[in-house]
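**Student:** Below: sequence and its predicted model.
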Amino acid sequence: MRGDNPFTSQLFVSKLMEHVKNQYVAEISGERAALHQVDTSLIGYLNKVVNYTVLVLALLMAFVVFCGVIEIASELYNIIKNSPLLLLSINGITSTFSSFLAVLIAIDIFINISLYVRKHMIAVRLV
C-alpha cells in the first residue's frame, strides 16, 4: 500500500530536501570562506595575478565591444549616406552581419569573463 510507505510522505520529502539544501549551503559557505582567507603562498600570489589579469581582460573586452558598436554605427551611416534608396548590396549585408556577429561574440566573452570575476566559475551553458 502506498500510504504505509514513510518514504513517500510529503513531510519526509520536505525534510529530505531541507537537509540537502542545508548541506549544499554549508558546503558553498565553506568554499567561500576558504576563498577569502589570506594565502601568502606562491599559489595565492599566482591566484591574485590571474584575478588581476582577468580584470584587465574584462576592461579590454569592454573597450572592444564599444569600438565594435562605433564601427557598426559608422558603417551603417556610410551605407545609408552613400547608397541610393537605402538599399544594401549583398557585400554590404554580409559585412554588416559579420560586424554584428563579432560584437555579439565579444559581448558573450565579456559576460563569461565577468561571471568568472564575480563567481570564479565559467558559464558552460553560455558558451
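**Tutor:** Arrived safely.
**Student:** check contacts around Ala106.
**Tutor:** Going by Cβ atoms under 8 Å, 6 or more residues apart in numbering, Ala106 touches Met61, Val64, Val65, Gly68. Where you see a C-beta, it was placed from the backbone N, CA and C, and this is true even at glycine.
**Student:** how close does it sit to His19?
**Tutor:** Per Cβ to Cβ, to the nearest Å, Ala106 is found 44 Å from His19.
**Student:** same question, Gly44
**Tutor:** Summarising the geometry, the distance separating Gly44 from His19, computed by Cβ to Cβ, is 34 Å.
**Student:** circling back to that earlier point, take the contacts of Ala106 and keep only those in helices.
**Tutor:** In helices, judged by DSSP state H, the following of these are found: Met61, Val64, Val65, Gly68.
**Student:** mind checking which helix or strand the spatially most central residue of the chain is in?
**Tutor:** Using Cα atoms, centre = their mean, the residue of the chain that lies closest to the mean C-alpha position is Asn112, 2.9 Å off. With the criterion set as DSSP states H and E, the secondary-structure element containing Asn112 is helix 90-119.
**Student:** quick check, distance from that helix to the centre of its chain.
**Tutor:** 12 Å (Cα atoms, centre = their mean, to the nearest Å).
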